[in-house]
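Novice: Got a predicted structure here, sequence first:
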Amino acid sequence: MKKLVLSAGLLAFLWTTSLKAQVAADSVTRKLTFEEANFVSSYYSQNGNNAAVTGGTGSEKLTDLAAGFNITFSLLDRKSRKNTFTLDAAVEKYTSASSDQVDPETVSSASRTDEHFYPSLLWSRKNEKTGNTFGLNAAYSTEFDYKSYGGGVFYTKTSRDHNAEFTAKLNLFFDTWKVILPAELRPEGYPTGAREDSDGIPYKPRNSYNLSLGYSQVVNSGLQLMFMLDPSYQEGLLSTPFHRVYFNDNSLRVEKLPGKRLKLPASIRASYFPADRLVLRSFYRFYADDWGLTAHTASLETVVKVNPFFSVTPHYRFNSQSGTKHFAAYGESLPNADYYTSDFDLSKFSSHFAGLGFRFSTPGGIMGINSWKSMELRYGYYTRSTGLKAHILSLAIQFR
């Protein structure tokens, strides 16, 4: 229902904007034009035995069902600049066995199952004469134990021959987290955090500042490159209060991590067209932060066009990371450590992700629907050296 209300509100706003533009246009007619709509749904499931909620051991079983859409409209202003408006919204429903252990004495704790809703709005203005594009975005996200408000600005400069492009983006996110503690570590009278028992529970901020710089270049008719630098800085509550940590003296505390974190990922993408019906897409990223974690990620996706309307896309990704200096497994943390976590997402591990996609697209539409331009089904299997395994199945549909 929230998505429907947002959609109706945005459409009303855009319709009003269109009327105002047309009245002011004099001899030039400008009206709101539908560009495209994309619908995506996915199902994700995982299992493992290193849940952070129970100190790095225990079931990591989780399922997530997500659905989302975005709708894009465009409008020419009096200076013939293209204004684009995009509404993006998604909702997830998940269940988590490890979250159910926040309060294991209850039949089912409040965070075992939850919904995650996150809409966003984007506006951009492109000047074809100068090659400049300027844009703004706003985002909101809500879940049982947190809310997030975000916004950003971006600028793109395209060369005259359209063979090179520079992009700069700045996004800010201001989150508020509900401090839910494990049952046995709650002071007397401390609320459970459930919807009916939240009075007096503290809320803590987590702010994120993300900068993204990108440069793309068409080298020749068969090769395109893109270089990206994405530094980010976080401050506030960066640990998860209901993650337990067990120490080597048999004591127990909640996870504690530094209140600041600086991340510096750098990456490169390459698209190569060795034949008319073959595309190779490669990606490499190096990541480092001031928590002592470094990582390398490499992926390769091959698009094989069986015919002009149908393509097959096998893909593979490898990741290896060193682990943060604050991590220790169950029962191995030192009592005198300043910071500590048993979250295996911050441990040393390597992972593999492989899958296959099928895409169908035809100029005449799909199933007799002219505006239904494409449909893609993808499956992926993920495995990690810590024992975590996951499956993801997604479906994407595009209308124009």
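Specialist: Cool, the structure landed.
Novice: Need the distance between the two termini of stretch 73-92.
Specialist: Stretch 73-92 has its terminal residues 25 Å apart, counting by C-alpha to C-alpha, to the nearest Å.
Novice: swap that for stretch 277-297, please
Specialist: End-to-end distance for stretch 277-297, by C-alpha to C-alpha: 27 Å.
Novice: Export only the CA atoms of stretch 374-386, formatted as CSV.
Specialist: C-alpha atoms of stretch 374-386 as CSV (Å, rounded to 0.1, in the frame of the first residue of the first chain):
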residue,chain,number,x,y,z
SER,A,374,12.7,-7.8,-22.2
MET,A,375,12.7,-10.5,-19.6
GLU,A,376,15.7,-11.9,-17.7
LEU,A,377,16.0,-14.9,-15.3
ARG,A,378,19.2,-15.4,-13.3
TYR,A,379,20.4,-18.0,-10.9
GLY,A,380,23.5,-17.9,-8.7
TYR,A,381,25.1,-20.2,-6.2
TYR,A,382,27.4,-18.7,-3.5
THR,A,383,29.9,-20.6,-1.3
ARG,A,384,32.3,-19.3,1.3
SER,A,385,35.3,-20.9,2.9
THR,A,386,33.7,-20.5,6.3
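Novice: Buried residues in it, which are they?
Specialist: Ser374, Met375, Glu376, Arg378, Gly380, Tyr382, Arg384, Thr386 (16 or more other C-beta atoms under 10 Å). All C-beta atoms are positioned from the backbone trio N, CA, C, and that covers glycine.
Novice: I'd like the mean pLDDT over stretch 362-381, please.
Specialist: Throughout stretch 362-381, pLDDT has a mean value of 91.
Novice: residues touching Leu334, list them.
Specialist: By C-beta atoms under 8 Å, 6 or more residues apart in numbering, the residues touching Leu334 are Phe247, Asn248, Ala328, Tyr340.
Novice: what do you get for Arg186?
Specialist: Taking C-beta under 8 Å, 6+ apart, we find Arg186 in contact with Thr192.
Novice: Sort out for me which of the buried residues of stretch 374-386 are in strands.
Specialist: Secondary structure from DSSP state E places Ser374, Met375, Glu376, Arg378, Gly380, Tyr382, Arg384 of the buried residues of stretch 374-386 in strands.
Novice: Okay, and the beta partners of the fifth one?
Specialist: Listed beta-bridge partners, Gly380: Gly355, Ile392 (assigned using DSSP bridges).
Novice: repeat for Ala37
Specialist: Beta bridges link Ala37 to Ile71, Phe399, judged by DSSP bridges.
Novice: Now do the same contact list for it.
Specialist: Applying C-beta under 8 Å, 6+ apart, we find Ala37 in contact with Phe69, Asn70, Ile71, Thr72, Gln398, Phe399, Arg400.
Novice: who's in contact with the nearest residue to Tyr340 once chain neighbours are set aside?
Specialist: Excluding the flanking residues, the one nearest Tyr340 by C-beta to C-beta, 6 or more residues apart in numbering is Ser333, at 4.5 Å. Residues near Ser333 by C-beta under 8 Å, 6+ apart: Val245, Tyr246, Phe247, Asn248, Tyr340, Ser342.
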